[in-house]
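K.L.:
make a model of this:
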Amino acid sequence: MNPQLDWTTELIRWVLTEGTTSDDPKAFVANLGSRMAGSIPLHTFEISFPSLHPVHQVVTTTWRAGSGIDIQTTGHGDIEDVKLQASAIQYVLKEGRTEGRWNLRDENKISFPRLRSLAREGHTDYVLRIVNFSEQTVLTGAAISIATMHPEGFSEQDVAGFEAILPALGLAIHRMVASRMLTDVLRFYVGPRTGKRILGGEIERGKGQAIYAAILLADLRNFTGLSELYAPGEIVQWLNEHFEAIGSAVEAEGGEILKLVGDSLLAMFPVGSGENATMFACRDALKAAQNAIDATDALNRSRISGPAPQIGVDLVLHLGEVYYGNIGAAQRLDFTVIGRAVNEATRLEALCGELQRQLLLSSSFAEQCDVPSEGLGTFRLKGVSEPQDVYAIVGR
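P.N.:
Just a heads-up that it's a prediction; the model follows:
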């Protein structure tokens with residue numbers, strides 16, 4: 001082995017060890033950048049990879065000597081797509097290559113915005129390598145680059161050392177990014193608590209647990225009729241806006257969204273084990289419901305001058321025991337809640353229009369939330385054997 005490349009042997013060993021055990025990509029990249037800078041004149045080290053995320057499509061992690069780590073994301077949309085197409089990474093990919101190198105000493109000869117920025121900062125040399133992964137998923141590869149401010153740029157030995165660690169680094173990046181993607185996807189589709197339980201091994205059909213929780217059910221008013229008047233694209237956009245308003249209110253108070261069904265949202269606030277835990281869970285659910293109503297009203301006010309319709313929301317708050325776990329067919333499971341309390345909440349929501357109230361409480365919830373409420377009467381609910389007392393918040 002070339003003695004000038006001996007530093008790569010130890011670094012590869014470190015990359016493989018840390019890359020297969022670390023759950024902190026930011027710390028991994030920071031440590032790796034510092035280690036590489038001890039052997040080559042590295043000033044900026046960058047890793048970019050595709051993201052499976054509803055908000056952004058690319059994540060770029062940048063290490064700078066003396067400055068630490070910076071993480072940037074590139075969102076979805078036409079404007080962001082144009083920015084990506086103007087990058088050195090896309091240029092190399094379009095050429096069907098896996099490598100590129102640019103002399104940054106003359107900014108006027110550089111056509112890529114990112115490289116011009118590096119040149120203005122004083123960088124002299126930029127080396128880019130593409131590490132390809134399987135094309136079976138969105139994680140098709142990673143772009144890894146190094147840049148220096150050394151007057152003479154990188155030596156050939158510097159570049160050879162960088163290339164020597166790429167296979168090990170590619171494996172480490174793939175493992176950490178795939179793990180993060182899996183966690184993110186589960187969080188977006190089933191919620192953080194449920195996602196954690198699934199990744200923790202709770203995937204056997206029929207397995208779950210009984211949980212005492214405050215339940216929040218939100219339903220958009222008269223939304224079904226809108227589908228006959230507006231295009232599907234508009235309907236989806238409005239659904240997203242309203243679910244964002246309601247969902248943000250739920251998550252801000254510690255609730256977890258369990259299900260989005262049509263124009264309805266189901267969430268729960270599990271009751272903890274501490275003193276007054278039931279009251280606290282109900283208070284959180286109530287605050288979330290009130291904030292969801294306020295957010296929905298604000299959204300509708302913003303639409304007054306436009307073509308979008310005014311869409312109200314009805315909410316029900318209930319308290320009871322639910323079964324929380326895996327339900328479904330052998331090849332298609334759903335991690336969700338079922339039980340009498342969920343059914344009762346659904347039936348209570350149907351009373352919002354009849355009582356002309358935007359927010360209704362069950363008797364069990366009203367007794368525990370420790371907020372003044374008023375009785376609206378006793379009602380028989382479809383599928384529920386006993387008549388139910390229904391309440392509303394005083395002044396709401």
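K.L.:
those strands in the stretch 1-150 of the chain, which residues are they?
P.N.:
Ranges of strands within the stretch 1-150 of the chain are 44-50, 56-64, 68-75, 99-103, 125-132, 141-148, based on DSSP state E, counting those that start in this stretch.
K.L.:
CSV for the ones you listed, including distance to G247?
P.N.:
Bear in mind the C-beta positions are built from the backbone N, C-alpha and C, glycine included. What follows is these, written out as CSV (distance: least, Cβ to Cβ, whole Å):
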stretch, distance to G247
strand 44-50, 25
strand 56-64, 18
strand 68-75, 19
strand 99-103, 42
strand 125-132, 36
strand 141-148, 32
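K.L.:
adding mean pLDDT, distance to V342 and mean neighbour count, write those strands out as CSV.
P.N.:
CSV is the format used below for the strands of the stretch 1-150 of the chain (pLDDT from 0 to 100; distance: least, Cβ to Cβ, whole Å; neighbours: other Cβ atoms under 10 Å):
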stretch, mean pLDDT, distance to V342, mean neighbour count
strand 44-50, 95, 38, 22
strand 56-64, 94, 34, 19
strand 68-75, 91, 36, 14
strand 99-103, 96, 56, 16
strand 125-132, 96, 47, 20
strand 141-148, 96, 43, 24
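K.L.:
for Q237, give its distance to R303.
P.N.:
According to Cβ to Cβ, to the nearest Å, Q237 and R303 sit 11 Å apart.
K.L.:
for I144, same thing?
P.N.:
45 Å.
K.L.:
check I130 too.
P.N.:
45 Å.
K.L.:
go on, R197?
P.N.:
Applying Cβ to Cβ, the value for R197 to R303 is 38 Å.
K.L.:
please apply the same query to F28.
P.N.:
For F28, the distance to R303 - Cβ to Cβ - is 45 Å.
K.L.:
what's the answer for T137, then?
P.N.:
On the measure of Cβ to Cβ, T137 and R303 end up 38 Å apart.
K.L.:
have a look at the two and say which one is more surrounded.
P.N.:
A direct count of neighbours by other Cβ atoms under 10 Å for T137 and R303 places R303 higher, at 14 against 11.
K.L.:
residue contacts, the nearest residue to that one once chain neighbours are set aside?
P.N.:
Leaving aside its sequence neighbours, R303 sits nearest to Q310 (Cβ to Cβ, 6 or more residues apart in numbering; 6.7 Å). Neighbouring residues of Q310 by Cβ atoms under 8 Å, 6 or more residues apart in numbering: N300, R303, I304.
K.L.:
cool, G247 as well?
P.N.:
I257, L265, A267.
K.L.:
state whether it is indeed within a strand.
P.N.:
No: counting by DSSP: H, G, I helix; E, B strand; the rest coil, one finds G247 to be helix, located in no strand.
K.L.:
so how far is S227 from it?
P.N.:
G247 is 21 Å from S227, by Cβ to Cβ.
K.L.:
now G153
P.N.:
From G153 over to S227 the distance is 61 Å, taken as Cβ to Cβ.
K.L.:
list the buried residues in the biggest helix by length in the chain.
P.N.:
What stands out as the longest helix in the chain, according to DSSP state H, is helix 156-190. By neighbour count on 16 or more other Cβ atoms under 10 Å, the buried set for helix 156-190 is 158-159, 161-162, 164-166, 168-174, 176-177, 180-181, 186, 190.
K.L.:
now stretch 276-283
P.N.:
For stretch 276-283, using 16+ other Cβ under 10 Å, the buried residues are T278, M279, F280, A281, C282, R283.
K.L.:
which members of those residues occur in helices, if any?
P.N.:
T278, M279, F280, A281, C282, R283.
K.L.:
list the residues that contact the closest residue to the last one other than its chain neighbours.
P.N.:
Leaving aside its sequence neighbours, R283 sits nearest to C369 (Cβ to Cβ, 6+ apart; 6.0 Å). For C369, the residues meeting the contact criterion (Cβ under 8 Å, 6+ apart) are M279, C282, R283, A285, L286, L317, L361.
K.L.:
so what's the closest residue to L258 other than its chain neighbours up against?
P.N.:
Nearest in space to L258, with sequence neighbours left out and distances taken as Cβ to Cβ, 6+ apart, is L266 at 4.9 Å. By Cβ under 8 Å, 6+ apart, the contact list for L266 reads I215, L216, L217, I257, L258, K259, L260, V337, V342, A345.
K.L.:
can you say which helix or strand has L266 in it?
P.N.:
Using DSSP states H and E, L266 maps to strand 264-270.
K.L.:
for the chain, which segments are assigned as helices?
P.N.:
Along the chain, counting by DSSP H, helices occupy 6-19, 25-37, 78-85, 88-94, 113-121, 156-190, 192-199, 223-226, 232-252, 277-301, 340-349, 351-355, 363-368.
K.L.:
so which of the ones you listed comes closest to E374?
P.N.:
Nearest to E374 among the helices of the chain is helix 363-368 (9.1 Å), distances taken as Cβ to Cβ.
K.L.:
if we can go back for a sec, now do the strand holding L266 and helix 340-349, the angle between them.
P.N.:
130 degrees (axes from the mean of the first three to the mean of the last three Cα atoms, to 10 degrees).
K.L.:
strands paired with strand 264-270, and their directions?
P.N.:
Strand 264-270 has the following strand partners under DSSP bridges: strand 208-220 (antiparallel), strand 256-261 (antiparallel).
K.L.:
mean pLDDT lowest for which of the ones you listed?
P.N.:
For these, mean pLDDT drops lowest on strand 256-261, to a mean of 89.
K.L.:
list the buried ones in that one?
P.N.:
E256, I257, L258, K259, L260.
K.L.:
can you tell me how far M279 sits from Y212?
P.N.:
13 Å.
K.L.:
and the contacts of the worst-scoring helix or strand of the chain on mean pLDDT?
P.N.:
The weakest-scoring helix or strand in the chain, judged by mean pLDDT, DSSP states H and E, is helix 223-226 (a mean of 81). Contacts to helix 223-226, defined as Cβ under 8 Å, 6+ apart, come from residues I235, W238, L239, G262, D263, P309, I311.
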